[in-house]
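K.L.:
Show me how the following folds:
(chains A and B)
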Amino acid sequence: MSLGGTEIRRAKLRFGLLTVAVSLLVFLILLLTTLSNSLISSLVGALEGLDTDGLVYAAAAQDTIAASRLAPETEGAVAAVPGVASVSVIGTFTTRGEVAGTDEDIQVFGFRPGEPGQPTALSDGSLPASGSEAAVDGVAAVGDTVVIGGRELKVVGTLRGARFNALPTVYVTWGAYDEALRAANPGLPFVPVNAVAFTVDDPEDVTSVAMAIEGAVSGTRAYTLNEAVGSIPGIDSITQSFGILVGLTFIIGIVVIGFFFLILTVQKMRTFTLLRAIGSSTGRLASTVALQITVVVVLASLIALALTVLAVRGIDTGIPATVDPATVIGTIGAVLVFSLLAGLLSIRRIARIDPASAVGSR
Amino acid sequence: MTNDPVVEATDAVPDGPGPTPADDAARHDHALLRVESVSKVYGSGHTEVTAVAGATLSVDQGEFVALLGPSGSGKTTLISIIGGLLQASSGTVHLGDVDVTALSSRELTRFRAERVGFVFQSANLVPFLTARENLLYVTSLVKGGSRTQAKARADQLLEELGLADRAGNLPEQLSGGERQRVAIGRALMNDPDLVLVDEPTAALDTALGRQVVEMLRREIKSRGKTGIMVTHDLRMVEYTDRVFEILDGSLTHVEEPSALGH
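P.N.:
Below is the predicted model of the structure:
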């Protein structure tokens, strides 16, 4: 006979209210995690999603790809560094454009298809292969058009999690990029390269190769992809701030869940004492509490997940928030594990029960 | 015996002509339950309190005896030691061939589930289990035995206790007397050797109390169990075979119930 399951069936109101309360806590944790991940992704997603081992910026750019200006010949100089397998150029600029009929600020990325530095977060369609095509992370679908510098491009692919500085991004071939930048900046003597993307030979270490590039090509700073993402000014502070916010919410949520079950346990001390007296082991009673925590947290997590999906769909935050399955599974798993750990407070109380106190008590 | 200053100090336990527990134990050398020189001391130094001092008693299989004494006399402590709920400071308790005082905490838990049935005065049933489930739960604490047999036994016990139509009721839906009868059923469910009953009439009126104790005696005797009932209520000892008087932690006399003039 499952004591924990029977109690839940007999005390539906009590456990129902507890489940609702826990679901609100889990909802808060899930929503904050989803929104913070979405915001960070919309700030750095474009860089994170580049298909490359590392990036080279101008040393004077102070870790900012948009501020980096490299001469076109830098590409060849980087390619000549031992350990570098392949290179390509990346360009980016912010402009006003029209996406699927809506006029808005966009971040344009230029790349060479099939070479290092092309985006990877394709969710539909394909990457642009010609100068008249574009892939977009924004409010556009395959078949729509984008207009940049008066030039109309057909959307052949859409991306997810590939925004930059919270702006929609438009990925075009280097040729289309060249034309768009010249159209936006008439009289431009040459089209600067913002970054050189590079891959390394198989056994080579990316960090070592990056250091070699910096030593060989003057006026450059080379990064692994993760370093480039982490070096974006302010991103560390934003990540840390959200981390603290989510972490504190998580800790408070777990402590509250632990206290909920401790209160339930204290309320049932007479019953637990009786059960210990008639021969129930501490382990058996602990498993009863663990079962109830698991049932409540799992049910609450399902409710919280539904609420999170509804909230993400219903709240317009200006950034594309999506419920990431891996984040959801990780968060719910962590809530369950730490709730069970918090349940040790209850189990400790049960372990300290003196079964002899069942005798003589009224 | 009337010279015993301890017995004179209380009017709750009238004196009788019975022997001392040690003398009585010598006559029951094949007893199922043998308690020898059991003491329980709490604290140490100037805070030392002796709850039970050198208690010796023997109870035969099939006997239903009373442990009679006023509040604070040590009867609860003694029954707790006998039932494996509390460790004695010294002395031994044997139930059949098991030395209860030598068992580890884990072994005591299993001993209580398999060999002892308890009827407490209150907080006696699991509130979220029906009468039938309260009986069935204790069978899950011992290994072996089929669920079908357990259900049949629970139904049979409830039938005998006049609770067949209350089997599906929760404790809160039962009267005080019915709850005690369910507790009696639970105590007998695992076919224990020893049934320990703590003040079973404490929350009942006299008529209901008599009814419950009479039923308790009938169930214990008909099954050949050994029963000890802790009580301070003289009116209930007439249903027992012998009465052990306890005062200030010491067993003083063993009496025939009729000798106590209840």
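K.L.:
only C-alpha atoms for contact and neighbour calcs from this point on.
P.N.:
Will do.
K.L.:
Quick check: which ranges of the chain have low pLDDT?
P.N.:
No chain was given, so I picked chain A. Flagging of chain A using pLDDT under 70 yields the residue ranges A:1, A:360-362.
K.L.:
wait, chain B
P.N.:
B:1-17, B:123, B:261-262.
K.L.:
What sits closest to residue A:132 if chain neighbours are left out?
P.N.:
With CA to CA, 6 or more residues apart in numbering or on different chains as the criterion, residue A:132 has its nearest non-adjacent residue at 4.9 Å, and that residue is residue A:153.
K.L.:
what's the answer for residue A:272, then?
P.N.:
Leaving aside its chain neighbours, residue A:272 sits nearest to residue A:350 (7.1 Å; criterion: CA to CA, 6+ apart).
K.L.:
Surely that neighbour and residue A:282 touch.
P.N.:
Yes: counting by CA atoms under 8 Å, residue A:282 is a contact partner of residue A:350 at 6.6 Å.
K.L.:
And the lengthiest helix in chain A, what does it pack against?
P.N.:
Longest helix in chain A by number of residues (criterion: DSSP state H): helix A:12-48. Applying 3 or more CA pairs under 8 Å, 6 or more residues apart in numbering or on different chains; DSSP states H and E, we find helix A:12-48 packed against helix A:225-230, helix A:235-267, helix A:282-314, helix A:325-342.
K.L.:
List the buried residues in that helix.
P.N.:
A:15, A:18-48 (16 or more other CA atoms under 10 Å in any protein chain shown).
K.L.:
now the strands for the stretch 51-200 of chain B?
P.N.:
Taking DSSP state E, counting those that start in this stretch to define them, one finds strands in the stretch 51-200 of chain B at B:64-68, B:90-95, B:98-99, B:116-119, B:194-198.
K.L.:
returning to what we had before: residue A:145 is nearest to which of the helices and strands packed on helix A:12-48?
P.N.:
Closest approach to residue A:145 among the helices and strands packed on helix A:12-48 (CA to CA): helix A:282-314, 25.0 Å.
K.L.:
and the closest one with helix A:12-48, angle?
P.N.:
60 degrees (axes from the mean of the first three to the mean of the last three CA atoms, to 10 degrees).
K.L.:
which parts of helix A:282-314 are buried?
P.N.:
Burial within helix A:282-314, assessed by neighbour count using 16+ other CA under 10 Å, is assigned to A:282, A:285-286, A:288-301, A:303-305, A:307-309, A:312.
K.L.:
Work out the gap between that helix and the centre of the chain.
P.N.:
In terms of CA atoms, centre = their mean, to the nearest Å, the centre of helix A:282-314 is found 23 Å from the chain centre.
K.L.:
and what of stretch B:89-102?
P.N.:
Relative to the chain's own centre, stretch B:89-102 is displaced by 16 Å; criterion: CA atoms, centre = their mean.
K.L.:
Kindly check the end-to-end length of that stretch for me.
P.N.:
Distance between the two ends of stretch B:89-102: 12 Å, counting by CA to CA, to the nearest Å.
K.L.:
swap in stretch A:183-200?
P.N.:
Span of stretch A:183-200 from end to end, CA to CA: 35 Å.
K.L.:
which outside residues touch that stretch?
P.N.:
By CA atoms under 8 Å, 6 or more residues apart in numbering or on different chains, the residues outside stretch A:183-200 that reach it are A:52-58, A:65-72, A:74-75, A:78-79, A:83-92, A:95, A:116-117, A:149-150, A:178, A:181-182, A:206, A:209.
K.L.:
gap between whichever residue of the stretch 1-150 of chain B sits closest to chain A and residue B:195?
P.N.:
Of all residues in the stretch 1-150 of chain B, residue B:113 sits closest to chain A, at 4.2 Å by CA to the nearest CA. Distance of residue B:113 to residue B:195, given as CA to CA: 11 Å.
K.L.:
repeat for residue A:219
P.N.:
91 Å.
K.L.:
Of the two, which one has the most company?
P.N.:
Each of residue A:219 and residue B:195 has its neighbours counted (other CA atoms under 10 Å in any protein chain shown); residue B:195 has more, 24 against 14.
K.L.:
list the contacts for the more buried one?
P.N.:
Contacts for residue B:195 (CA under 8 Å, 6+ apart) come out as B:116-119, B:187-188, B:220, B:225-228.
K.L.:
just to revisit the earlier point, what does the residue nearest to residue A:132 show for phi and psi?
P.N.:
Taking degrees, to the nearest 10, you get phi -120, psi 150 for the backbone angles of residue A:153.
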